[in-house]
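Peer 1: My questions concern the predicted model and sequence given below.
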Amino acid sequence: MWLKDRHPEKPHAKKKELDELVKKAKDFGPRFWDDSDEVKAFIKEGGSEVVCCDNCGSWNNQEFAYGRKLNTFQRSSRCKKVKIQYRFTGFLKIFGEAHYESALFATHAMPPLSACNYAVACFMLSSFQPILFFFSTIVVDGFLLLTNNNNRYYKNHRPTTNMSRSLTIERLLAATGEALPIPPGMKGVHVGVPFGPTALSEIEQLNATKVYVMSNKSSKPMVEDFLKTLEEKGILAAPINCDVSMGGAEDGLLKACNEAAAVNADCVITIGGGAVQDAGKLVRLWLSAATQADDGAKKATVKGIQAAQSRDPMPPLPPQICCPNSFAMAELTHVAGLVTNDNVKSGSTHPSLMPTVVIFDTTLSRGLPDWVRFGTALRGVEHAIGAVCHPKATEDIRSRALRGLALVNKGLKGMVEDPDSEEAQVNCYLGGWMAIRALNTGCYPSIAHFIQNQYSARFHVHQGSCSGILSARILHYHREESSLHQKSIAQVLGTEKGGGAEQSLPSAPKLVSDLVATLPGVAKDHNDANVNEEMLRDFAEYMYNQSGERMNKLCPKPFSNAGDVFEMLALPIGNF
């Protein structure tokens, strides 16, 4: 059989034959895969009745991860002798030739593709059609995406561990309708996999020996076994840090920076919400600065961290493995926020701050309080509508943001019915991914994002609740200037309400307000956050005096004075 003696450094003969077919397809076009006798012969010869491992030729069930045999090729990925990374080698080479950025796979044991699979994949790639394919013995979760960069790829695989959780390819694709662009500078994204073994695999690939772990206090019990494993391997650099509080308060952040620098950490793992993910980026930034400091005892400061972002050239930062437990999406940006001791939202931004790897394991969100679960997911709605209405948004950005909005909307409603629904959580995560990448493509921040960040810092309100209080109000303020885009938002949010013709749909602010009203634990009005009218007037004055010019660049409708800001913020909910 022609998969016999398969080896990472020794492609089988059929792979070489396939490479020649790919070259010809580039000259003849997509119909080459339909009409060519060469292709038909190639696929026909792919059949085999041999039942044994194509890697080691063994019938011994002990050699296979799941102890079972198949009626066609016994996939070498089921053989314990094959490393996980090898499963992607051949297929990704074809992706590179066809200028596809990535394939996102998540399987119980990802099988290498047979010749027939390869041929269908090449048809897809050459004709630039996002066609999905199945073969009887393959269980694949994933999707493909078209892009103009073939230097990066997603890794969304399941390590060789006994897992009961999986998401089918139909569900993922029904949810997304397209694949997701990996952020520039990121090496891999894993969705719906156990964070422990996946993180260990990544640590090994990164050759990290001094791992510094940061976590929310609520997540600490879930990672104790993982920490024990790191300790047993001798690579846990320091005790876990759980001192980063909501918003990334200055004191907790600086403590983490100093701890990581004291042990000369060479990898940062962040487990938790957006504040922890952002803090991890700033810890990495400080690590790169501390190693260059003349005084090894130098302590971290906010000014010192922010000064480090201005270095040119920027030295390499230690890698960061992000394990989010919610949907804030901080792990998918190169922006890192913090709150100073003066209650001012600040931070740093630099392309090098992009985390190295993201691992989204839905089990980490179990037991989350409603205000975190639904509040962070609601941020996906905010990111999407902010991108759609942004003055600098392109039609491509708006289109991607609207698809993300639809997905987050679906996920939120699914979580209202079942907070632990894996499908609903993945919908929220993938939709939030689309939305944040749309917003960060030339549109960051949106007017609502900017105001809500400052509101959160000033009044100590979780950003999810800031979105619940302010999103509909800000939309309503610029409703006339962004009316066309708000109709698109209403069409997405009103679909499940049975809205038909445009005139029968409620307004976008009304639909956002109605959605927020269904979310448990999320503040709906200023009173819920203990913010009174006097505090709101002071905030409006502060925002206009300090940032009026910037806000006018971000908002479709300019603010003439602080009174405009106050009227927008204080608008009664019933006026939508």
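Peer 2: Here it is on my side, so go on. Residues are numbered from 1 along each chain as shown.
Peer 1: Assign Ala393 to helix, strand or coil.
Peer 2: Secondary structure, DSSP: H, G, I helix; E, B strand; the rest coil: Ala393 is coil.
Peer 1: list the contacts for it?
Peer 2: Ala387, Ala401, Ala438, Gly442, Cys443 (Cβ atoms under 8 Å, 6 or more residues apart in numbering). Every C-beta, even on glycine, is put in place using the N, C-alpha and C of the backbone.
Peer 1: where does it land on pLDDT?
Peer 2: Listed pLDDT for Ala393 reads 96.
Peer 1: Now do it against Ala261, distance only.
Peer 2: Going from Ala393 to Ala261 by Cβ to Cβ, to the nearest Å gives 40 Å.
Peer 1: picking that back up, among the contacts of Ala393, the buried ones, what's the PyMOL command?
Peer 2: Buried subset of these, written as a PyMOL selection, criterion 16 or more other Cβ atoms under 10 Å:
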select buried, resi 387+401+438+443
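Peer 1: can you name the two of the contacts of Ala393 that are farthest apart?
Peer 2: Ala401 and Gly442 (12.0 Å; Cβ to Cβ).
Peer 1: Next, work out how far apart Pro324 and Gly494 are.
Peer 2: Noted for Pro324: a distance of 29 Å to Gly494, by Cβ to Cβ.
Peer 1: Look at those two and report which has more neighbours.
Peer 2: Pro324 (28 against 22; other Cβ atoms under 10 Å).
Peer 1: Tell me what that one is bridged to.
Peer 2: Note on Pro324: beta-bridge partners by DSSP bridges are Gly272.
Peer 1: In this structure it contacts Val358, no?
Peer 2: Yes - the pair Pro324 / Val358 is scored as a contact, 7.1 Å apart, by Cβ atoms under 8 Å.
Peer 1: who touches both of these two?
Peer 2: Residues within reach of Pro324 and of Val358 at once, by Cβ under 8 Å, 6+ apart, are Glu331.
Peer 1: Excluding sequence neighbours, find me the nearest residue to Ser446.
Peer 2: Gly386 (2.7 Å; Cβ to Cβ, 6 or more residues apart in numbering).
Peer 1: now the one you found, what's its secondary structure?
Peer 2: Secondary structure assignment for Gly386 (three-state DSSP): helix.
Peer 1: Per-residue pLDDT of it, please?
Peer 2: pLDDT recorded at Gly386 is 97.
Peer 1: quick one: it from Asp19, how far?
Peer 2: Distance, Gly386 to Asp19, using Cβ to Cβ: 45 Å.
Peer 1: more neighbours, these two?
Peer 2: When neighbours are counted by other Cβ under 10 Å, Gly386 and Asp19 differ, and Gly386 comes out ahead with 30 against 16.
Peer 1: Could you report the distance from that one to Asp420?
Peer 2: 29 Å.
Peer 1: Equivalent analysis for Leu536, please.
Peer 2: If you go by Cβ to Cβ, the gap between Leu536 and Asp420 works out to 36 Å.
Peer 1: Same drill for the two, tell me which one is more crowded.
Peer 2: Neighbour count, other Cβ under 10 Å: between Leu536 and Asp420, Leu536 has more, with 17 against 14.
Peer 1: so what's that one up against?
Peer 2: Taking Cβ under 8 Å, 6+ apart, one finds His526, Phe566, Leu569, Ala570 in contact with Leu536.
Peer 1: hang on, isn't the last one packed against Glu534?
Peer 2: No - taking contact to mean Cβ under 8 Å, the distance of 11.2 Å between Ala570 and Glu534 leaves them out of contact.
Peer 1: Which of these two has more residues huddled nearby?
Peer 2: Taking other Cβ under 10 Å, Ala570 and Glu534 do not tie; Ala570 has more neighbours (13 against 8).
Peer 1: Name the nearest residue to that one, ignoring sequence neighbours.
Peer 2: Leu536 (5.9 Å).
Peer 1: Counting neighbours, which bits of the helix or strand harbouring the one you found end up buried?
Peer 2: Assigned by DSSP states H and E, Leu536 belongs to helix 533-554. Residues of helix 533-554 classed as buried: Leu536, Arg537, Phe539, Ala540, Met543, Tyr544, Ser547, Gly548, Met551, Leu554 (neighbour count, 16+ other Cβ under 10 Å).
Peer 1: Could you identify the most distant pair in those?
Peer 2: The widest separation within these (Cβ to Cβ) is 21.6 Å, between Arg537 and Leu554.
Peer 1: where exactly do the strands run in the chain?
Peer 2: For the chain, applying DSSP state E gives strands covering 100-106, 141-146, 188-191, 211-215, 267-272, 320-324, 335-339, 345-349, 357-360.
Peer 1: And Gly96, what's its pLDDT?
Peer 2: The score at Gly96 is 35. That number is its pLDDT.
Peer 1: For stretch 253-267, what does the pLDDT average out to?
Peer 2: For stretch 253-267, the mean per-residue pLDDT is 96.
Peer 1: what about Gly280, distance to Val522?
Peer 2: Where Val522 is concerned, Gly280 sits at a distance of 26 Å (Cβ to Cβ).
Peer 1: now swap in Val461 and tell me
Peer 2: Plainly put, Val461 is 11 Å away from Val522 if you go by Cβ to Cβ.
Peer 1: With Ala41 instead?
Peer 2: Ala41 is 60 Å from Val522, by Cβ to Cβ.
Peer 1: The two - which one has more neighbours?
Peer 2: The residue with more neighbours, out of Ala41 and Val522, is Val522; 26 against 11, by other Cβ under 10 Å.
Peer 1: could you list every residue that touches the closest residue to the more buried one other than its chain neighbours?
Peer 2: Spatially, and ignoring its direct neighbours in sequence, Val522 is nearest to Gly468 (4.2 Å; Cβ to Cβ, 6+ apart). For Gly468, the contacting residues are Gly375, Leu378, Val516, Leu519, Val522, Ala523, Lys524, by Cβ under 8 Å, 6+ apart.
Peer 1: In a markdown table: those, plus pLDDT and distance to Met314.
Peer 2: Output for those, formatted as a markdown table (pLDDT from 0 to 100; distance: Cβ to Cβ, whole Å):
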| residue | pLDDT | distance to Met314 |
| --- | --- | --- |
| Gly375 | 96 | 33 |
| Leu378 | 97 | 34 |
| Val516 | 97 | 40 |
| Leu519 | 97 | 40 |
| Val522 | 97 | 38 |
| Ala523 | 97 | 39 |
| Lys524 | 96 | 42 |
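Peer 1: any weak-confidence spans in the stretch 1-150 of the chain?
Peer 2: Residue ranges of the stretch 1-150 of the chain with pLDDT under 70: 1-15, 26-35, 42-150.
Peer 1: Around Ser288, count how many other residues there are.
Peer 2: By the measure other Cβ under 10 Å, the count of residues near Ser288 is 18.
Peer 1: Counting neighbours, what do you get for the nearest residue to Leu519 once chain neighbours are set aside?
Peer 2: Nearest residue to Leu519 in three dimensions, chain neighbours excluded: Phe374, at 4.2 Å (Cβ to Cβ, 6+ apart). By other Cβ under 10 Å, the residues close to Phe374 number 26.
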